[in-house]
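Trainee: Got a sequence here, can you build the structure:
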Amino acid sequence: MATLQVQRVHLAFADRDILEDVSFTLTEKSRSALAGGNGSGKSTLLKVISHVMAADQFDYSATKGLRISYLPQSDIVFEQESVYGEVEKAYDRLDSLLAEQRQLENRLSATGEGQKTETMVLRLSEIHETLLEEGYYSRKEIIEQVLFGLGFSKADLNRPTSEFSGGWQMRIALAKILVENPSIMLLDEPTNYLDIEARYWLKNYLKVYEGGLMIVSHDQGFLDETVNEVYELFQGKLKRYSGNYTQYQRQREMEIAQLEAEFKLQQDQLEKSEQFIERFRYKATKSRQVQSRIKMMEKIELVEVPSHLKQLSFSFPPAPHSPNDVVIIEHLDKHYGSQVIFDDFSLMVNKGDRLAVTGKNGAGKSTLLRMLSGEDSQYGGVVRLGPNVTVGYFAQDTEKTLDPSNSVLEEVSSVADTADLPKLRGYLGSFLFSGDDVFKPVQVLSGGERSRLALLKILLHPVNLLILDEPTNHLDINAKEMLLKALKAYDGTMVFVSHDSYFIEHLATKILYLTEDNQPELFSGDYSYFSYKLEQKEKVEKRERGGAKASEETRKVESSRSYKETNRMKNRLANLKKQSDEMLAGHQRLEMLINQVEKEMGKAENYSDAVKIKALVDKKQKLEDEMAEEEEAWFVLTAELETLEAELA
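Mentor: Below is the predicted model:
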């Protein structure tokens, strides 16, 4: 098995250890997330592994022939080739093999029969099989599949890469790595510039990718479906947790609970010892015991709850009263030149709604929010707010409204209620401004820091309608979880743009999906159903893209698919069917257990036994929670099973 061993990585900047004795192993079967707060060194570690950055110490060993591809967060610029031509360079690794193939073909045509000829034919056959397995003969279909999946249109393929913005340049870089099909991919925030459709496609692509992965991402839903282990980086140290990201969080919560219990017990013991010492310090008869207690306290290793494990918290000021009809849109028309954004669009947003607006980049999501906030009035039709509706609007460039001469603390103090002033340091800590950071002038903050500060200012101001455009863009997962909990507890109305599946799934009560054909669709909060509709849409687009020609090309791809790949897919399909059967059996078992508990609860002799009834209620709730988790897992498994069945049909 192809293996990468990383051992004893050490890197320091000035007097701070960024990476301290970091060791781990990746294989072609690894599905790893690299977690940690902003600034913990995640990107630095990926750069060291990829030999983009030198470390003070770094021992590295890899299996012969191991290929590693690395996607940085940003700063990749392509200028020379077309989009298709740039991605096709992923096959440059086969140039020497192709040259050998041409050389052998030329020699064969000039050589008579004999042992040398047989040797050359055998080598040509080996080269052909390698090129087949590497997808070289079906490269056109593979490249187009990846580019279309990442949101490029057919017309984009021949456009110069220099015409594309930074976000689209990163998509080209990601496409190139996916087509390279390396042994191990190191992906630093691969979803940063992807809309929800491209994220959905990439998630499914990586789920069937045969190589190893190490991913840095702030999209928890994406990680939950693509990884099965998490490496947490904190204060230069690396710690491994098994399971996906949600399971890792549960393990951390258990660690927190255990550490807090140990901390409380130790503090109680220390307090009793201090009381004993103070009480008997000056009594000669107790001097030996007092000295013993003092020495014991000096030797105690104090229990601490690391700051990265502590739960961040934030709560909104109460929302002022609002009418039931908060936002009214009637027959909205919006154009940019000849481009139609909205055509006769109507929508009602009611009090308490949490409406997620999503769709491909350029579909009009931010435009809609600007119209709702009053920032854009150039449209036809009606966009109005109900009486007494007050708006808090966070745009992607809201940080421009900050006063550069203020400190971070002064900036938030200017909008906070007097009652909130003592809590401001805590709120700032939740938004990743800790210690002396709160005294930094706004003008020295990074773009991400200014964005977080602007978001906090808006959230501190009492309003009954929040309009948020990509509010999680510059938050790590812990801060995002804090914001999610606060927004779920917010008693006003909310319209927000997001491409983060986990954030939408756990917050939205409705989903507005903006389509390229100006036919917006409204879904009533069931993200699973919305995901299913996305999958169906992707299948329809795939069929329609080339009609009969696409079908013929698909047959070519399938006919050139290697035996190894087909066999792997069949094995995976059989495994999924077995898992599905096991899940259904488990579901039936849980139903039976719940029925037994309900029968027990219904027995007359138990009515007066409050302790037993409570135990039965708790047991039933636990079984129902387990069943809900099983059903969700079964739904995800079934979706993958159906995809594989369609590919093998």
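Trainee: alpha carbons only for contacts and neighbour counts from here, please
Mentor: OK.
Trainee: what's the burial count for Asp156?
Mentor: Other residues within reach of Asp156, judged by other Cα atoms under 10 Å, total 17.
Trainee: Could you pull up phi and psi at it?
Mentor: For Asp156, the backbone dihedrals (degrees, to the nearest 10) come out as phi -70, psi -20.
Trainee: Same check on Met214?
Mentor: Torsion angles, degrees, to the nearest 10, at Met214: phi -130, psi 120.
Trainee: give me the beta-bridge partners of it?
Mentor: Bridge pairing for Met214 (DSSP bridges) gives the partners Ser32, Leu186.
Trainee: quick one: contacts for it?
Mentor: 30-34, 184-187 (Cα atoms under 8 Å, 6 or more residues apart in numbering).
Trainee: Any regions of the stretch 451-600 of the chain where pLDDT drops low?
Mentor: Scanning the stretch 451-600 of the chain for pLDDT under 70 picks out 525-526, 538, 541-568.
Trainee: again, but for the stretch 201-350 of the chain
Mentor: Using pLDDT under 70, the stretch 201-350 of the chain drops low at 303, 305-313.
Trainee: And the strands in it, which stretches?
Mentor: 212-216, 229-234, 237-242, 325-336, 339-350 (DSSP state E, counting those that start in this stretch).
Trainee: quick one, domains of this structure?
Mentor: 3-248, 249-309, 325-525, 562-648 (automatic domain parsing).
Trainee: Grab the most central residue of the chain for me.
Mentor: Asp219 (1.6 Å; Cα atoms, centre = their mean).
Trainee: With adjacent residues omitted, what lies nearest to that residue?
Mentor: Excluding its sequence neighbours, the residue lying closest to Asp219 (Cα to Cα, 6 or more residues apart in numbering) is Asp500, at 5.9 Å.
Trainee: Ramachandran angles for that neighbour?
Mentor: phi -90, psi 110.
Trainee: Over to Ser183?
Mentor: phi -70, psi -40.
Trainee: Equivalent analysis for Lys64, please.
Mentor: phi -60, psi 130.
Trainee: Ok, the one 4 residues further on next?
Mentor: Listed backbone geometry of Ile68 is phi -120, psi 130, with angles given as degrees, to the nearest 10.
Trainee: got the contact list for the residue lying closest to it once chain neighbours are set aside?
Mentor: Nearest residue to Ile68, sequence neighbours excluded (Cα to Cα, 6+ apart): Ile184, at 4.9 Å. Ile184 makes contact with 26-28, 66-69, 211-214 under the criterion Cα under 8 Å, 6+ apart.
Trainee: go on, Leu456?
Mentor: Leu456 touches 412, 428, 431, counting by Cα under 8 Å, 6+ apart.
Trainee: Using TSV, please lay out those residues together with secondary structure and neighbour count.
Mentor: TSV is the format used below for the contacts of Leu456 (DSSP: H, G, I helix; E, B strand; the rest coil; neighbours: other Cα atoms under 10 Å):
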residue	secondary structure	neighbour count
Val412	helix	24
Leu428	helix	21
Phe431	coil	25
